[in-house]
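Here is a sequence with its predicted model. Questions after.
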Amino acid sequence: MLASNYLGPFLLTNLLLDRVTAAPAARVIVVASEAHRIAGRLHPERFEDLGDFGVLGSFRAYGRTKLLDILFARELARRLAGTGATANSLCPGTVATNLYGQMRALRAIAPALSRIPLLRTAEQGARMTVRLASDPALADVTGRYFTSAPGVALLPPVRALRSASLQLRIWERTAALVELGA
Ligand SMILES: NC(=O)c1ccc[n+]([C@@H]2O[C@H](COP(=O)([O-])OP(=O)(O)OC[C@H]3O[C@@H](n4cnc5c(N)ncnc54)[C@H](OP(=O)(O)O)[C@@H]3O)[C@@H](O)[C@H]2O)c1
């Protein structure tokens with residue numbers, strides 16, 4: 001989960017950064033999740049220990065990888081300052097995709113539920129990502145987290161999102177874990 005959701009995107013993005021910053025304008029968009037709110041406290045020196053993988057533990061582990069994604073986008077935005085590139089993250093809302101592949105009943109009722117904003121079709125879930133990638137009004141917006149989950153934008157950000165020093169330390173440790181520049 002850590003490799004697919006966080007380490008892989010971190011490494012891939014970094015390997016592409018020369019091209020990203022050479023472009024006249026570029027946008028890095030990290031697909032995170034509101035699940036980041038149940039991540040608990042991230043220890044900067046051992047964040048890769050996601051904890052137990054029981055029913056609740058695995059959901060919290062997922063939330064941790066998504067919190068790491070948001071922190072990554074924030075630190076990346078700082079590193080891209082002064083270039084033509086931006087970095088933002090988002091939550092697409094709850095979307096009936098293969099993430100819920102085993103839950104056939106949920107997928108069957110998705111079209112009906114998508115009429116209210118509780119469960120979205122894949123097309124609806126993709127809208128925020130497409131908007132962040134293409135809306136001219138967002139060309140200079142960077143370092144932000146956007147959420148499509150109804151009502152959640154009113155909640156205060158979790159503490160880790162306000163700590164630039166934590167974001168920097170986690171970046172440095174992640175770079176070491178993936179042997180970036182080694
Ligand atoms: N669905 C939701 O309600 C929801 C809510 C919040 C955030 N998100 C986020 O949205 C993003 C997309 O999720 P989704 O809902 O579209 O889920 P999905 O339908 O399960 O799609 C996941 C995608 O990731 C690919 N993938 C998984 N493991 C991989 C690996 N190890 N290496 C390379 N590719 C891998 C899968 O490839 P294959 O098709 O080849 O397996 C698939 O294309 C994720 O970051 C998820 O955390 C989803």
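Done, it's in. Because the structure is a prediction, the values reported are computed rather than measured.

Can you pull the residues of this structure lying near the ligand?
Neighbours of the ligand within the chain, by CB under 6 Å from any ligand atom: 4, 31, 33, 91-92, 94-95, 97-99. Every C-beta, even on glycine, is put in place using the N, C-alpha and C of the backbone.

Could you rerun that using 8 Å?
Contacts of the chain with the ligand, taken as CB under 8 Å from any ligand atom, map to 3-5, 8, 31-35, 62, 65-66, 69, 91-101, 120, 122, 125.

Pull out the buried members of those residues.
5, 31-35, 62, 65-66, 69, 91-96, 120, 125 (16 or more other CB atoms under 10 Å).

Narrow those residues to those in helices?
Mapping these onto helices (DSSP state H) picks out 62, 65-66, 69, 125.

Strands of the chain, start to end?
Assigned by DSSP state E, the strands in the chain fall at 26-31, 85-91, 145-147.

Pairing partners for the shortest one, with directions?
Meaning strand 145-147. Using DSSP bridges, the strands paired with strand 145-147 are strand 85-91 (parallel).

Quick one: work out the angle between the strand it pairs with and strand 26-31.
Counting by axes from the mean of the first three to the mean of the last three CA atoms, to 10 degrees, strand 85-91 lies at 20 degrees to strand 26-31.

Let me know the average pLDDT across strand 85-91.
Mean per-residue pLDDT for strand 85-91: 98.

contacting residues around stretch 168-182?
Residues from elsewhere that reach stretch 168-182, judged by CB atoms under 8 Å, 6 or more residues apart in numbering: 6-7, 10-11, 14, 42, 44-45, 47-48, 68, 71-72, 75.

same thing but 10 Å
Residues from elsewhere that reach stretch 168-182 (CB atoms under 10 Å, 6 or more residues apart in numbering): 2-3, 6-8, 10-12, 14-15, 42-48, 67-68, 71-72, 74-76, 78-79, 160, 163.

OK, contacts around Ala35?
59-67, 91, 149.

how near is it to Pro136?
Here the criterion is CB to CB, to the nearest Å. By it, Ala35 lies 30 Å from Pro136.

Quick check, Leu71 in contact with Arg78.
No: the criterion here is CB atoms under 10 Å, and Leu71 misses it with Arg78 at 11.1 Å.

Between the two, which is the more surrounded one?
The residue with more neighbours, out of Leu71 and Arg78, is Leu71; 30 against 14, by other CB atoms under 10 Å.

What separation do you get for the more buried one and the ligand?
According to CB to the nearest ligand atom, to the nearest Å, Leu71 and the ligand sit 15 Å apart.

For that residue, give its distance to Phe59.
Taking CB to CB, one finds Leu71 at 19 Å from Phe59.
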